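In: Any chance you could fold what I've pasted below:
(3 chains)
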Amino acid sequence: MFQMIKRAKISKKESALIRLSAIVLAFLFSGLFILLLGHNPINVYISMFDGAFGSLYRLKETITITIPLVITSIGIMIAFKMKFWNIGGEGQILMGAFGATIFALNMPELPKFILLSLMLVSGFISGGLWALIPAIFKVKFGTNETIITLMLNYIAIKWITYLQYGPMRDPSALGFPKIANFSDNAILPSLFGIHIGWIFAVIIVITVSIFMKKSKWGYKISVIGESFDTARYAGININRVVLFSMFLSGGICGIAGMIEASAVNQTLNYSISAGYGFTAIITTWLSGLMPSIIIPVSLLFGGLVKGGNFIQTAFLIPKAAAQILQSMILFFAIGSEFFVNYKLKYKKRNYTTTNEKESV
Amino acid sequence: MNQKVFVKMKDICKSFGSVKANNLVNFEVNKGEVHALLGENGAGKSTLMNMLSGFYKPDSGSVFIRGKEIKFNSPKDAINEKIGMIHQHYKLVDVQTAKENIILGQKGNLFVNNKKLSKKIYDIANEYGLPINPDKKIYDMSIGEKQSVEILKVLYEGNDILIMDEPTAVLTPQETKKLFQIIKNMASKGCAIIIITHKLNEVMEVSDRVTILRKGKTITTVITKETTPELLTNLMVGKSVNLSIKRPEVIKSEEILKVENLFAKNKNGVKVLNNISFSLYGGEILGVAGVANSGQKEICESIAGLYPIESGKIIYENDDIVGKTPGEIINKGISMSFIPEDRLGMGLVASMDMIDNYLLKEFHNQKSIFLDRNPILKICNKMIEDLQIVTPGVNHPVKQLSGGNIQKVLIGREINTNPKILITAYAVRGLDIGSCHTIYDLINEQKGKGVAIMFIGEDLDILLQLCDKILVLSEGTVMGIVDARTTTKETIGHMMAGGLNSKEAY
Amino acid sequence: MIESFLYSVIISGTPLLFATLGEILTEKSGHLNLGVEGLMLLGAVGGFGIGFVTANPILAIFGGALVGMLGALIYAFLTVSLRANQVVSGLALTIFGTGISSYVGTIFVGKKMPEVIINFFKPFKIPLLNKIPFIGNILFNQDFFIYLSYISAISLGIYLYNTRFGLNLIAVGENPSAADSTGINVTLYKYVHIAIGGALCGLGGAYLSIVEVPQWQDNITAGRGWIAIALVIFASWNPYKAMYAAYIFGGLNIIGFRMQNLNFSQNLLDMLPYIVTIIVLVGSSIKKSKNNAPPKGLSVPYFREER
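Out: Model (predicted):
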């Protein structure tokens, strides 16, 4: 019989080793699966890597996918630090994009810098307000935020779909249900061949890292996440911090939405979030809520998406292979967490040390 | 089979980490007997009983039930031996009815025959005189009713060894009376009943024999009729031990904090503070003695602004601070330090390092939105040196330090702010002797500086040797405040057990 | 007109009903499984694949349930044995299910169910019951799979509220430590019910691929798994109420299509389940209602000897 024993401490090396072996095992297992379906896993992996990072063009494409992942992960990280399970990234991205679109479509002739700034601010506020809804319920009534944020995703999707098929449908699109394209002034410029969303991402990562590590608010967020009792003991106004941080969390996801609408889609549509909100939960979690680790993890997942698309077109291997790989990495990473925190010790069922027979 | 000895536990040892909760404990209970297990908080009573009910496994030793040696691996094994335990915190499913709770986990037909079941429950309930409505949901029940359900749960399966952990802790006197009648009924019907308690009057009233545990060891087993509460107290608290704790003479200064007629209820509406009044003076240590859960925690948290108060006043410099949040208290510039019982759950953030933990107290004082950790780094390094804290460094998570060092970090932080009031709850719990003395020295140093100190403790020897005055609590009421220099351990033990106020007025 | 509408409401609500029942059972054991969408897709591809290969309708149903169950066992291992975070594990399961169904499904793209199976799942009348005026024709002139969903819902209700196992399960989800102290094998209960829950979700997906659509489409569930999670709350964890809930939202699914000429947006109607779920959830947390609240142990890992 195995007994679980909580580890008193674990060296960085040991925990890194456990996590690393989880990733290796994930590749092995998915490989086995790919093999069962009649493909050579090594070829698949090589082509995926090639497809994601094999040329400058492919690398740029991968980075384009990585940008919203990084930004959304940072947003979600703030909520997760507080143990507020914000799984509403999808909805916050969409509402952020919606906020940006209002300005993009109604004031298309504003000077580029002003228009983009307005879109950014509006995207931030819209995403933030959307995230404030579950936070208010949580603070006021103690409602579980997991399901509410999940539901708000779908309400946001339906709302944008409604707009796309109804009031905001572009009459000049020849009956095709789409929202009008943005004017040139509403589109983010590029730098080094990639839209400047990457600069936003870098700025957000740096700012939020500093915010979390150095600022009073970041400190309060960490304390609340660790223990409500300690936060109360230290005289922190918990409700105020929760509301503010959720606004910030949703707002940052909203910025991702603004970037996707402006730079990638150049319009608004209901599939703009493309699952980034969900994938970001995973990348955030895998990065251990550390902003600096979010970038490489997001790049890995961006690469998996891009590589998946590549093997599909180049080798007719379904891109779902990449999804399977993603989920395997996750399964093993989630499972490995247990072995970071606990040791298994084999223990015999019998514990006695006395052998004497009792005679009464 | 006619077996008289129902339970025999022999040479039981159980450790949690470095703490020996049970050390070669021996314990025996007969059929038809009410056996009290008496001991102070931390004496190892609950640990022992958790092993008898299969929740913990002993490290060594053997357990014999009705003469047969049994190895417990899970609560199921205890159930098979017809042992039932009623925990202090009831293990009931709120959304289910009494009936449903009673049959949980039991074997029988797939479908439940409601009529037959209700009848059987009524039959047992009547037999023992338990009031019950089988179809009432637990969340609609009073605490007494919940306890009846717990007892029925145990009796229903035909269990005849019953363990009750502090069964009267949450009951009214009337409910207690009824419970004792029921317990006596059960014993007369052949059950063996073990009551974990530290209330002497109840031991005298209900038990046939008493086993006394102290500091994880069996002291003795006596027949209740042949003993007196005084004798039991002495056995429970032990002989006075000289711990060579210094008690510097400091001339007490003015009154710094005054608590007047404080009343409070807990979440369940049970009175936890009952007309508490006392004062803290500069340069004096007021000890607080009392069995566990007599209101110590609530007093501390009330003063720190963490507990809702029903009525009463807490006066600090002519200002009533009742109803203020900890944030408001800090912002008012009231310099108070509270060292809570739960070090890593309240006083410190387990996963943060020393600097960030120091910041818990300090961040209010920093005006910029960014935190400056440099001055704190210096303070922490000085603290490590002054208090001889053993740590790999200021950036090491505090949870990885030993208990004594964790406590030094906490106390070090609190006294560094130069408080006027210092409240400590179980400051030396779980610490080794060396660390304990460091903590006493620190507290005495504060006393010398004229700080008003409240020291909540569980070891009477420490209280008697460290404090100037001792306030004795029993069930949320102040039984009296005595002079630590002249009083005896027995007097305090008597008062803790709800004995009359001694006449040593304060 | 109304009759034929209600008739299709039952069909459209059936996958939701299975999945909601599955998630109810899972949540009753104290586990929030956000992998319903993935489990449905696993069931869809498993049912379709086995049906396609064997041309045996019963095996097809079993296939759907079995594959769903296997998926849920991964989740159970992570969250029960390894005490992993339930949200992340559930999301991982959804990605896994989506990936597997899509990968395996490439073999079946555009393929139809064999005639044998399609014929087997033709509607048939249940004698006597179908004579009940009005509802007889709606409820009791359906296919075998739908009858299976009625049976599942009702037997699950009986199981939960009238059997010892059901009572024990509720205790495990509400207060695992109390359940443990009465000798209930908490781990076993969690595993079994998460697995059966997965099988039911799998059946929901299988109904789509085998009967409702009956040809393979990628991402055939189109988000129904997420609705099911909402429906669990809407039905306040009650298998009987799950029937109303599933049919109401099955109805919403098709009403917009029927109301095209009334010029009311399907998309706004589609929001209703989610909005109602939020209202129900917030409402129950305001009232602190004890009967309609989530199981208390939901999402909380259980350890016995933690000290």
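
In: any idea which helix or strand carries the residue nearest the centre of chain B?
Out: A centroid search over chain B (CA atoms, centre = their mean) returns residue B:292, at 3.2 Å, as the residue closest to the centre. Assigned by DSSP states H and E, residue B:292 belongs to no helix or strand.

In: cool, the one 5 residues further on as well?
Out: Element membership of residue B:297, judged by DSSP H and E, is helix B:296-303.

In: export that helix as CSV, just CAs?
Out: Taking Å, rounded to 0.1, in the frame of the first residue of the first chain, the C-alpha atoms of helix B:296-303 are listed here in CSV:
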residue,chain,number,x,y,z
GLN,B,296,-9.0,33.1,24.1
LYS,B,297,-8.9,33.3,20.4
GLU,B,298,-12.0,35.5,20.3
ILE,B,299,-10.6,38.0,22.8
CYS,B,300,-7.4,38.4,20.8
GLU,B,301,-9.2,38.7,17.5
SER,B,302,-11.8,41.2,19.0
ILE,B,303,-9.0,43.5,20.1
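
In: does any part of that helix sit near chain A?
Out: No - Helix B:296-303 is not in contact with chain A by CB under 8 Å from any CB of the partner chain; minimum separation 9.1 Å. In this view, the C-beta of every residue, glycine as well, is placed from N, C-alpha and C.

In: how much space is there between the residue lying closest to residue A:307 once chain neighbours are set aside and residue C:122?
Out: In space, and not counting its chain neighbours, residue A:307 is closest to residue A:48: 3.2 Å by CB to CB, 6 or more residues apart in numbering or on different chains. In this view, residue A:48 and residue C:122 are 45 Å apart by CB to CB, to the nearest Å.

In: Looking at those two now, which is surrounded by more residues?
Out: Of the pair residue A:48 and residue C:122, residue A:48 is the one with more neighbours under other CB atoms under 10 Å in any protein chain shown, namely 26 against 10.

In: just checking, the more buried one touches residue A:304?
Out: Yes - with contact defined as CB atoms under 8 Å, residue A:48 reaches residue A:304; the gap is 7.2 Å.

In: overlap in contacts of those two?
Out: Residues touching both residue A:48 and residue A:304 by CB atoms under 8 Å, 6 or more residues apart in numbering or on different chains: A:322, A:325.

In: The residue nearest to the centre of chain B touches residue B:199, doesn't it?
Out: No - if you go by CB under 8 Å, residue B:292 and residue B:199 don't touch, sitting 11.3 Å apart.

In: element containing the residue nearest to residue A:307, please.
Out: Here residue A:48, judged by DSSP H and E, is contained in helix A:41-53.

In: list the helices and strands that helix packs on?
Out: Counting contacts by 3 or more CB pairs under 8 Å, 6 or more residues apart in numbering or on different chains; DSSP states H and E, helix A:41-53 is packed against helix A:12-36, helix A:56-81, helix A:291-315, helix A:320-341.

In: Out of the ones you listed, which is the most enclosed?
Out: helix A:56-81 (a mean of 25; mean count of other CB atoms under 10 Å in any protein chain shown).

In: State the number of residues packed around the closest residue to chain A within the stretch 51-200 of chain C.
Out: Scanning the stretch 51-200 of chain C for proximity to chain A using CB to the nearest CB identifies residue C:99 as nearest, at 3.0 Å. Neighbour count for residue C:99, taken as other CB under 10 Å: 26.

In: re earlier: show me what contacts the residue nearest to residue A:307?
Out: With CB under 8 Å, 6+ apart, residue A:48 has these contacts: A:303-304, A:307-308, A:310-311, A:321-322, A:325.

In: could you redo these as TSV and give each row pLDDT?
Out: Below are the contacts of residue A:48 laid out as TSV (pLDDT from 0 to 100):
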residue	pLDDT
A:303	89
A:304	86
A:307	86
A:308	83
A:310	84
A:311	82
A:321	78
A:322	78
A:325	82
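
In: now residue A:123, nearest residue through space, not along the chain?
Out: Closest residue to residue A:123 apart from its sequence neighbours, by CB to CB, 6+ apart: residue A:258 at 3.1 Å.
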